[in-house]
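Q: here is my input; please provide its structure:
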Amino acid sequence: MGNPTRPAGRSPSLVKPRPLVLRSVFLVLVGLLAARMFQLQVIQGARHARLSDRNRIRKIVLSAPRGRIFDRNGVLLADTRPSFTASVIPTEMDDSTLAVLARLLELPADELAAQVQPVTYLSVPVPVRRNLTPPQLYRIEENRFRLSGVRVSVDPVRNYPEGEVFCHVLGHIGEVTAEDLAADTSYRRLDFIGRDGIEKLYELELRGRDGHEYIEVDARGQEIAPLAEKRRTEPVSGTDLHLTIDARLQRKAAHLLRPHRRGAVVALDVRTGAVLCLYSHPGFDPGMFTASLPKARWDSIAGSVDQPFFNRALGAAYPPGSVLKPFVALAALEQGQVTPATRFTPCVGTYRYGNRDFTCWSRHGSQNLTEALAHSCNIYFYQLGLEVGLDSLIAFLGTFPFGRRTGVDLPGEAAGVIPDRAWLDRRYGAGRWGHGVLLNLSIGQGEFITTPLQVALAMSALARDGRYHRPYVVARTERPGGAGPSPTARRLPRPPADSVRGSRQSIRVVKQGMERVVEHGTARVARLAEVTIAGKTGTAQNPKGEDHAWFACYTPADNPEIAIAVVVEHGGHGGAVAAPIARQLVREWSAHREATTGGAR
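A: Residues are numbered from 1 along each chain as shown. Have a look, this model is predicted:
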């Protein structure tokens, strides 16, 4: 038989190659796929694992509590409390979700959108409402299925248990600004920072160190659980501060000034410079800055004519009135121009100098130096000032803590003014002022202005026979974890002592006169049976209204421990208004003497 017949038109060479080509193409594709899988899983595996984690893992910052603040006896003045915060993750938000959240928080939708708009690129939680109320919290939880990218957390919020009583000492906190972020990149947007008082000056100590944790989220961005395989870093609380302030005295000062419109009280430990009380009235509640403050409320407080944010105790400078007379007397004694027995032209209510009449509040007749101090006789001190002379008096007053900042560890201190010739020439023009300036200065009126803190410190210098310490408010710091005195506690260095001009003999004469002020003179209302007080009243003339009332003192007169300065704006006579306030403060101090100044701190 012959060979089988081939189908027409087919070549033997074209029958077997087709399976070979298909196999080759298949092998090439498999090789490319394997290479790509190798690249994705081996070469780029770590990178893609990180990208995958970003979709299901979120890093959460754990805010650190600020350090606590205590008074000298351990009374809590500032700490943190837990508070619910609503945050949004901008990259997971849309307009409809924002609208729902705004309605639940009872916020205008455009206000909420304005908070998120500058940070739409962020994939981390951004707080939009702190201090959630229970109804707000419940509404968010009930609608969580509609709130993709919304997170509720528990964060530490500053708490001030004493309200406004310590506001000017503690200050307050506020959200960081763009300027803050530019100055210190360790802060995050919407962090809090100290804005005034101790909170501002000791920001580095009080600020804690944030921690973080990682949590797993679902496709809608809702939290599932913390990831155990990723280590949690705990936040570290800020350093605690222990102040020199006595909470009892501070509360008493607040109570005594409440009936008056404006005023201030300062009390110092004359042996150390420790500030025992520093209160300015009116004040404000520092807790209001821990949440979103409505603009209308801010405007009403900040725009008040009484300026509640202004710390009058160290930032307001007033003419001291007759409170300055002990220092004028000391200047005259030191110059040798007078003795304690010196008498001048008797007081008949007016004193003619040049073509002007200078007045006194009464007719005291003939008096010696201590009697003139006790009765606060202007006529005597006009003549005393003329004996000393302007340049000598200015130079002498400059050795006391007048006309310059004391250096207390609080912001906002005013320097005051001692009007020397150069200052007067700048103010009035060269040679365009006369001896009336000297007469006014001799009774604490006119251009000489000083702060309540400076007056209290000057009283300390008299009380301690010419020596005084720079005032300070923070006594010691304590690291987190310390309980009472411990190795973590650090007592801050005590300021060195300064000296003023004045011999012990001259100062003793002035102190005797100040004791007579309280025993028989213009401050008789300040007398106490249980403790002796030496002081001086003052009534500072005020061209804009009623006079300011002053009283400054130290006690016990024979072994001083505490100096006090009180000023009541538009209060009238110092003996009638300011002296009774000081009397009550001395009584409060005396009742708790051991706790207040029993140990020099």
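Q: what segments of the stretch 401-550 of the chain are helices?
A: 421-428, 436-442, 452-463, 504-519 (DSSP state H, counting those that start in this stretch).
Q: tell me which residues touch residue 304, please.
A: If a contact means C-beta atoms under 8 Å, 6 or more residues apart in numbering, then residue 304 has residue 282 as its contacts. All C-beta atoms are positioned from the backbone trio N, CA, C, and that covers glycine.
Q: wait, is it part of a helix?
A: No. Using DSSP: H, G, I helix; E, B strand; the rest coil, the assignment for residue 304 is coil, not a helix.
Q: do you know how far it is from residue 317?
A: Counting by C-beta to C-beta, to the nearest Å, the gap from residue 304 to residue 317 is 20 Å.
Q: end to end, how far does stretch 283-294 reach?
A: End-to-end distance for stretch 283-294: 19 Å, by C-alpha to C-alpha, to the nearest Å.
Q: mind checking how far that stretch is from the chain centre?
A: 13 Å (C-alpha atoms, centre = their mean, to the nearest Å).
Q: buried set for that stretch?
A: Across stretch 283-294, burial judged by 16 or more other C-beta atoms under 10 Å covers 283, 284, 285, 286, 287, 288, 289, 290, 292.
Q: rounded mean pLDDT for that stretch, please.
A: For stretch 283-294, the mean per-residue pLDDT is 83.
Q: what is the neighbour count of residue 403?
A: Burial of residue 403 is recorded as 20 neighbouring residues (other C-beta atoms under 10 Å).
Q: check which helix or strand covers residue 174.
A: Assigned by DSSP states H and E, residue 174 belongs to strand 173-175.
Q: quick check on the residue nearest to residue 592 when sequence neighbours are not counted: phi, psi?
A: Excluding the flanking residues, the one nearest residue 592 by C-beta to C-beta, 6 or more residues apart in numbering is residue 248, at 5.7 Å. The phi and psi values for residue 248, taken as degrees, to the nearest 10, are phi -60, psi -50.
Q: can you count the residues close to the closest residue in space to residue 350 that isn't next to it in sequence?
A: Leaving aside its chain neighbours, residue 350 sits nearest to residue 357 (4.8 Å; criterion: C-beta to C-beta, 6+ apart). By other C-beta under 10 Å, 10 other residues sit near residue 357.
Q: quick check, residue 357 in a helix?
A: No. Counting by three-state DSSP, residue 357 is not part of a helix but strand.
Q: from residue 189, how far off is residue 179?
A: For residue 179, the distance to residue 189 - C-beta to C-beta - is 13 Å.
Q: who has more neighbours out of the two?
A: Set side by side, residue 179 and residue 189 show more neighbours around residue 189, with 16 against 8, by other C-beta under 10 Å.
Q: do I have it right that that one meets residue 128?
A: No. Judged on C-beta atoms under 8 Å, residue 189 makes no contact with residue 128 at a distance of 11.6 Å.
Q: tell me the domain ranges of this protein?
A: Domain ranges of the chain: 58-107+126-243, 247-597, per automatic domain parsing.
Q: in a markdown table, list those along with distance to residue 117.
A: Below are the domains of the chain laid out as a markdown table (distance: least, C-beta to C-beta, whole Å):
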| stretch | distance to residue 117 |
| --- | --- |
| domain 58-107+126-243 | 9 |
| domain 247-597 | 17 |
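Q: if you average pLDDT over each of those, which is lowest?
A: Among the domains of the chain, domain 58-107+126-243 scores lowest, with a mean of 88.
Q: and that one, how far apart are its ends?
A: So domain 58-107+126-243: terminal residues 41 Å apart, C-alpha to C-alpha.
Q: centre of the chain to that domain, how far?
A: 20 Å.
Q: distance check, the residue nearest to residue 592 against residue 92.
A: 53 Å.
Q: same check on residue 126?
A: Where residue 92 is concerned, residue 126 sits at a distance of 11 Å (C-beta to C-beta).
Q: on that earlier part again, tell me which other helices or strands the strand holding residue 174 touches.
A: strand 192-194 (3 or more C-beta pairs under 8 Å, 6 or more residues apart in numbering; DSSP states H and E).
Q: in its sheet, what does the strand it packs on sit against?
A: Sheet partners assigned to strand 192-194 using DSSP bridges are listed as strand 173-175 (antiparallel).
Q: run through who's touching the strand it pairs with.
A: 66, 158, 190, 191, 192, 193, 194, 195, 199, 286, 289, 290.
Q: coming back round to it: the residue nearest to residue 350 touches residue 378, doesn't it?
A: No. The criterion here is C-beta under 8 Å, and residue 357 misses it with residue 378 at 11.6 Å.
Q: find the centremost residue of this structure, please.
A: For the chain, the residue sitting closest to the mean C-alpha position, by C-alpha atoms, centre = their mean, is residue 197 at 1.3 Å.
Q: ignoring the adjacent residues along the chain, who's closest to that one?
A: residue 171 (2.2 Å).
Q: okay, now the one you found: neighbour count?
A: Neighbours of residue 171 (other C-beta under 10 Å): 26.
Q: tally of neighbours for residue 455?
A: 29.
Q: that one contacts residue 318, correct?
A: No. Look at residue 455 against residue 318 with C-beta under 8 Å: they stay out of range, at 9.1 Å.
Q: re the thing from before, which of the contacts of strand 173-175 has the most neighbours?
A: residue 199 leads those on contacts (other C-beta under 10 Å) with 28 neighbours.
Q: and that one, what does it touch?
A: Contacts of residue 199 (C-beta under 8 Å, 6+ apart): 78, 170, 171, 172, 173, 206, 286.
Q: next step: those restricted to strands.
A: Among those, the residues falling in strands (DSSP state E) are 78, 173.
Q: now, which of the contacts of residue 199 sits nearest residue 593?
A: residue 170 (25.2 Å; C-beta to C-beta).
Q: thinking the closest one is in contact with residue 79, fair?
A: No. The criterion here is C-beta under 8 Å, and residue 170 misses it with residue 79 at 11.4 Å.
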